[in-house]
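> Coordinates for the following, if possible.
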Amino acid sequence: MSKTSYHGLLMIGDPHLEGRQPGFRKDDYPNVILDKLDWSLAYAREHDLLPIILGDLFDKPRDNPTWMIGKLFEILKGEILSIYGNHDVHYQPELTEHDSLSLLVKAGCLRMVSADNPWVGVVNEHPVIVSGSSYRQEIPKKFDPLSFVASKKQTPIVFWLTHHDILIPGYDEGRVKPSEIPGIDVIINGHIHRRLETVQKGGTHWLTPGNISRRSRSDATREHIPSVLRIDVTDNDWQANHIEIPHSAFEDVFHDAVIETVPEAGSSAFIAGLSELQSRRTSTGAGLKEFLKQNLDQFESNVADEIWKLAEEVTHE
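The predicted model follows:
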């Protein structure tokens, strides 16, 4: 049942929970990311905000650790809205009973919103609708908020969640061009892991808050501050502010960059480079593969192919 005493909303971007270390991270990522999610939900409770997950709760849709699922049953308390992202589903673009996320939905830990099933409630004495388009679901061309409320005296503020490739300055891979959507005030997009500037088209604002952690080691990630997006509803209007999540320094989270070049040509230098990787190896083999891509050209193609096959075997990919 929806509360009526929320002060605002809290957007939680792309947690990507998983049981192993992603890429070049060297900390205890599975527990670190759970702590960040737990901190975000606790912040929402403390400030009376409705927590909302912008898709990709999981990095892998299936075979997630049982201990992690059990921990989620403990921390996903109260009303939490969500959509699903591309990492939450397995190949086909719909959530199925085989995906881990569906277990949390069936248990009542998460409520999925969609065009046909929006959240309708009151936030800070103003009518509000939260709806959304999960991965590959169409973003509507228009929306009629008054069709979802009994009283027509006050038009609800409409927040729409998406998990799409939105063409926002700073994200050139985007395919969906922002435009004004009559009836929708704010679109908040997950999927993109870094914070980008808000784009306004007519009466529709397109927000890209980024995610709550740093999964990959890159210059863009170095600049990203793990945060949630707080939206306060005031006087029939809204205001968004990024809230920083406690996090460690970039250097304490990621392994050093893999050596860019082998100082001396030849197999001995190649072996020396592999030895150096031992001190910064990752559980996914990310450093090994990057090193091999930079250095396999010195070998005959059949030898390079065999080395690459061995790398794939040891990294289980």
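
> give the contact list for residue 43.
10, 49, 228, 243 (Cβ atoms under 8 Å, 6 or more residues apart in numbering). C-betas here are computed from N, CA, C, even on glycine.

> By neighbours, which of those residues wins?
Most neighbours among these, by other Cβ atoms under 10 Å: residue 228, with 27 neighbours.

> shouldn't that residue be in contact with residue 40?
Yes. The pair residue 228 / residue 40 is scored as a contact, 5.0 Å apart, by Cβ atoms under 8 Å.

> Which neighbours do these two have in common?
Common neighbours of residue 228 and residue 40 (Cβ under 8 Å, 6+ apart) are 10, 12, 212, 245.

> From those, pick the one nearest residue 147.
Nearest to residue 147 among those is residue 10, at 26.7 Å by Cβ to Cβ.

> Quick check, that closest one in contact with residue 49.
Yes. Using Cβ under 8 Å, residue 10 is in contact with residue 49, at 4.0 Å.

> So the protein: which segments form each domain?
8-244, 258-315 (the TED database).

> Let me know which of those domains is tucked in deepest.
domain 8-244 (a mean of 18; mean count of other Cβ atoms under 10 Å).

> can you give me the strands for this structure?
Using DSSP state E, the strands found in the chain span residues 8-12, 49-53, 81-82, 111-112, 119-123, 126-133, 157-162, 186-189, 196-201, 204-208, 227-234, 237-244.

> Let me have those in JSON lines, extended by distance to residue 97 and mean pLDDT.
Below are the strands of the chain laid out as JSON lines (distance: least, Cβ to Cβ, whole Å; pLDDT from 0 to 100):
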{"stretch": "strand 8-12", "distance to residue 97": "24", "mean pLDDT": "98"}
{"stretch": "strand 49-53", "distance to residue 97": "20", "mean pLDDT": "98"}
{"stretch": "strand 81-82", "distance to residue 97": "17", "mean pLDDT": "98"}
{"stretch": "strand 111-112", "distance to residue 97": "14", "mean pLDDT": "98"}
{"stretch": "strand 119-123", "distance to residue 97": "23", "mean pLDDT": "95"}
{"stretch": "strand 126-133", "distance to residue 97": "21", "mean pLDDT": "96"}
{"stretch": "strand 157-162", "distance to residue 97": "23", "mean pLDDT": "98"}
{"stretch": "strand 186-189", "distance to residue 97": "27", "mean pLDDT": "98"}
{"stretch": "strand 196-201", "distance to residue 97": "35", "mean pLDDT": "97"}
{"stretch": "strand 204-208", "distance to residue 97": "31", "mean pLDDT": "98"}
{"stretch": "strand 227-234", "distance to residue 97": "30", "mean pLDDT": "96"}
{"stretch": "strand 237-244", "distance to residue 97": "35", "mean pLDDT": "97"}
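
> how about the helices in the stretch 1-150 of the chain?
Under the criterion DSSP state H, counting those that start in this stretch, the stretch 1-150 of the chain contains helices at 29-46, 66-75, 100-106.

> Next: the stretch 201-317 of the chain.
219-223, 250-253, 267-277, 286-295, 301-314.

> how about the ones you listed, which one is nearest residue 187?
Here helix 219-223 is closest among the helices of the stretch 201-317 of the chain (Cβ to Cβ), at 22.0 Å.

> correct me, but residue 170 touches residue 196?
Yes. Contact criterion Cβ under 8 Å: residue 170 and residue 196 qualify, at 4.6 Å.

> thinking again about what came up before, which stretch in the helices of the stretch 201-317 of the chain has the least confidence?
When the helices of the stretch 201-317 of the chain are ranked by mean pLDDT, helix 267-277 comes last with a mean of 66.

> before we move on, the earlier item: any idea which of the helices of the stretch 1-150 of the chain gets closest to residue 219?
The nearest among the helices of the stretch 1-150 of the chain, by Cβ to Cβ, is helix 29-46 at 20.3 Å.

> Compute the inter-axis angle for that closest one and helix 66-75.
10 degrees (axes from the mean of the first three to the mean of the last three Cα atoms, to 10 degrees).

> Now do helix 29-46, average pLDDT.
97.

> ok, now stretch 64-75?
Taken as a whole, stretch 64-75 carries a mean pLDDT of 97.

> contacts for that stretch?
Around stretch 64-75, the neighbours that count as contacts under Cβ under 8 Å, 6+ apart are 17-19, 30, 34, 37-38, 41, 58, 100, 103-104, 107, 109.

> cutoff 6 Å now
Here stretch 64-75 makes contact (Cβ atoms under 6 Å, 6 or more residues apart in numbering) with 19, 34, 38, 58, 100.

> What is the most widely separated pair among these?
The span of the contacts of stretch 64-75, defined through Cβ to Cβ, is set by 38 and 100 at 17.6 Å.
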